[in-house]
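1. Test case, fold it:
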Amino acid sequence: MNDVSFASLLTPEGHALLDEVRGTEPAQELAVATRLRRTHPAELVSAALGQARLRQRAAAKFGAEDAERMFFTPNGVEQSTRTTVATHRAERLRALGVRSVADLCSGIGGDAIALARAGIRVLAVDRDPAAAAAARANADALGLSGLIEVREADVTEVDTAPYDAVFVDPARRGGRAGGRIFDPEAYSPPLSWAVGAALKAPLAALKIAPGIPHETVPAEAEAEWISDGGDVKEAVLWFGTEPGLVRATLLPGPRVLRGRGLPDPAVRPVGRYLYEPDGAVIRAHLVAEAADELDGGLLDETIAYITADSLRPTPYATAYEITDRLPFNVKKLKALLRERGVGVLTVKKRGSAVEPEELRRKVRPQGPHAATVFLTRVAGAPTMLLGHPATRPRGTPPDTT
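-> The predicted model follows:
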């Protein structure tokens, strides 16, 4: 989509056309385009249909109500922060007393919108003309233009001194295929530049990939890993808060598990319950803290499964009651599933090369019951653990952490 076609979407004709193509299914696009080109410029029709597709994709991140009013670029949909995560970060900045933020590499404005809705004044900066235009249009569409100033510029040339805090979201996709970039120094701008910019500010947050090695986290930073609905979404390096702290934040909530520097849990025999820690807990290397809350240990020193004898409520892990343990043996598992009448089999694995779909094909589960099988190692030995999601014992109070 070029600048002319995007600008045309912001006209009354463009807005009317966007309303008309809303919800168009892919199979209908050709017929709809053919009909609309009789009364509208072909370029405008193509732009409207393209924007409708992007809005449908964006609904998962921004919610249907906002997505239907916003404007997107393909990269903007892919790289934008999910609204729940952006809102969490904005609320934390507000609670820290921040009233103005320089949002560098702002893209189409997802984080700027969350910051503005938290009452924070935002300078949103991006060097991509299409992204900057979309961010400006989004601020207008959502009634936030009074709090969001959009600037098309190189972030390395922006003076952030007048702002209470800096937020940087470096581009982590590139190359011909637009694939993910795993080397932080290949980010745009590089992580080292972003850290330098953060250290100059009273308070700063840098959004990074959740797979960043812990050893690359600067000593001056607090590191936070965030999951939403059990899916790890991102990591954030905070400057000006608690240097050296590691935390896992689970949304909705938020539920926050803080690192206490505990040693790795001991390996112990399989207990009645297996706990699968949330991905943010694992990424943050806080399995020991979760195990300590559960009075549990590890199945294997290299596997992030916690085992315990009692069922305790926790927001940081999902509990399963283990009914059977057997050495890795597909035939024995198939016989056991047939005996139990298991037709719905959930396969989870850690420390196993077997693919879940491959195992399902081999055991061919049939029957009215459901079960979960864990393919893992117990004290180094390949093992299958069969069980089901645990239920809270009667009389146990609900978790209010």
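
2. What segments of the stretch 51-200 of the chain are strands?
-> Ranges of strands within the stretch 51-200 of the chain are 100-104, 121-126, 148-152, 165-168, 173-174, 179-180, based on DSSP state E, counting those that start in this stretch.

3. If you average pLDDT over each of those, which is lowest?
-> Across the strands of the stretch 51-200 of the chain, strand 173-174 has the smallest mean pLDDT, namely a mean of 58.

4. before we move on, the earlier item: need the strands of the stretch 51-200 of the chain in TSV with mean neighbour count and distance to residue 283, can you?
-> C-beta here means a position set from N, CA and C on the backbone, and glycine is covered the same way. As requested, those are arranged in TSV below (neighbours: other C-beta atoms under 10 Å; distance: least, C-beta to C-beta, whole Å):
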stretch	mean neighbour count	distance to residue 283
strand 100-104	25	24
strand 121-126	25	28
strand 148-152	19	31
strand 165-168	28	20
strand 173-174	14	20
strand 179-180	10	16
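
5. right, so of those, which gets closest to residue 89?
-> For these, the distance to residue 89 is smallest for strand 165-168, at 7.7 Å, taking C-beta to C-beta.

6. coming back round to it: the strands of the stretch 51-200 of the chain: which one's closest to residue 341?
-> strand 179-180 (42.8 Å).

7. any idea whether the most centrally placed residue in the chain is helix, strand or coil?
-> The chain has residue 233 as the residue nearest its centroid, 1.7 Å off, counting by C-alpha atoms, centre = their mean. At residue 233 the chain is in strand, as set by DSSP: H, G, I helix; E, B strand; the rest coil.

8. what's near enough to touch residue 378?
-> Residue 378 makes contact with 270, 299, 300, 325, 385, according to C-beta atoms under 8 Å, 6 or more residues apart in numbering.

9. rerun that using 10 Å as the cut-off
-> By C-beta atoms under 10 Å, 6 or more residues apart in numbering, the contact list for residue 378 reads 267, 269-270, 298-300, 303, 305, 307, 325, 327, 351, 384-385.

10. And residue 77, by the same measure?
-> 53-62, 67, 70, 107-108, 110.

11. try 8 Å this time
-> Contact analysis of residue 77 by C-beta under 8 Å, 6+ apart lists 54, 57, 58, 61, 108.

12. what do you get for residue 14?
-> 8, 44, 47, 48.

13. what does residue 304 give?
-> 277, 282, 287, 298, 350.

14. then the helix or strand hosting residue 226 to PDB, C-alphas only?
-> Taking DSSP states H and E as the criterion, residue 226 maps to strand 221-228. Output of strand 221-228 as PDB, limited to C-alpha atoms (Å, rounded to 0.1, in the frame of the first residue of the first chain):
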ATOM      1  CA  ALA A 221      18.500  -4.000  34.300                       C
ATOM      2  CA  GLU A 222      15.500  -5.800  35.800                       C
ATOM      3  CA  ALA A 223      14.300  -8.600  33.500                       C
ATOM      4  CA  GLU A 224      10.700  -9.400  33.100                       C
ATOM      5  CA  TRP A 225       9.200 -12.300  31.100                       C
ATOM      6  CA  ILE A 226       5.500 -11.900  30.300                       C
ATOM      7  CA  SER A 227       2.900 -14.500  29.300                       C
ATOM      8  CA  ASP A 228      -0.700 -14.000  28.300                       C
END
